[in-house]
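S.K.: 3D model of this:
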Amino acid sequence: MYRYTFQLSPARQKSELIFTQHQTILQEALDAINSGISFQRDGKHLDMLHIKDKELILCLTSQEALPNPARSLSALTRYLTTNYPAIFSPYIYNKTLCNMYLLSQEETSVPQADFTLSNEEILKEMVDLLYTYPNTKEVKSAKNEIISILQPFVAKK
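M.R.: Have a look, this model is predicted:
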């Protein structure tokens with residue numbers, strides 16, 4: 001699991017945008033983004049950690065490392081300017097609503113005792129293993145283990 005913490009501030013320096021006045025709308029936007037197809041498909045989640053008048057701290061978590069995690073936050077600008085253009089469009093500067101500063105980036109490992117995968121996740125990981133990883137000694141060994149596990153089930157068909 002990868003965790004990215006961002007500090008957002010209004011894109012316009014002398015902006016009259018006050019985040020705390022729109023906290024309900026911001027939370028609605030985050031809920032909508034999190035339930036969106038691309039966020040669910042990619043295993044991403046966005047949370048509001050802290051809000052001040054001119055500062056918003058967001059945490060983005062992802063199953064996979066993101067080469068450019070700030071791009072995932074563009075969904076926030078899109079949602080707010082599409083659904084509330086009268087409120088947020090005047091504050092757009094350089095095609096964005098907020099300046100984004102990456103405060104921290106960390107990788108957290110899931111403890112083996114708590115490690116579980118859904119059927120969909122198992123299938124995705126197996127496809128990744130078979131088709132995207134380089135054919136190293138470990139990958140070949142894992143493929144052989146999968147074959148030996150599947151053998152009794154395939155034989156019953």
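S.K.: which SS state does the nearest residue to residue 39 once chain neighbours are set aside fall under?
M.R.: With C-beta to C-beta, 6 or more residues apart in numbering as the criterion, residue 39 has its nearest non-adjacent residue at 5.9 Å, and that residue is residue 33. The C-beta positions use only the backbone N, C-alpha and C, and glycine is treated the same way. With DSSP: H, G, I helix; E, B strand; the rest coil as the basis, residue 33 sits in helix.
S.K.: in the chain, which spans are strands?
M.R.: For the chain, the strands defined by DSSP state E occupy 2-10, 44-51, 56-62, 98-107.
S.K.: show me where pLDDT drops low in the chain?
M.R.: The chain contains residues with pLDDT under 70 at 109-115, 132-133, 157.
S.K.: what residue lies at the spatial centre of it?
M.R.: Centroid check for the chain by C-alpha atoms, centre = their mean gives residue 44 as the closest residue, at 2.6 Å.
S.K.: what residues are up against residue 100?
M.R.: 6-8, 70, 73 (C-beta atoms under 8 Å, 6 or more residues apart in numbering).
S.K.: give me the buried entries from those.
M.R.: 6-8, 73 (16 or more other C-beta atoms under 10 Å).
S.K.: turn those residues into a markdown table, including distance to residue 103.
M.R.: A markdown table is the format used below for the buried ones among the contacts of residue 100 (distance: C-beta to C-beta, whole Å):
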| residue | distance to residue 103 |
| --- | --- |
| 6 | 6 |
| 7 | 5 |
| 8 | 10 |
| 73 | 13 |
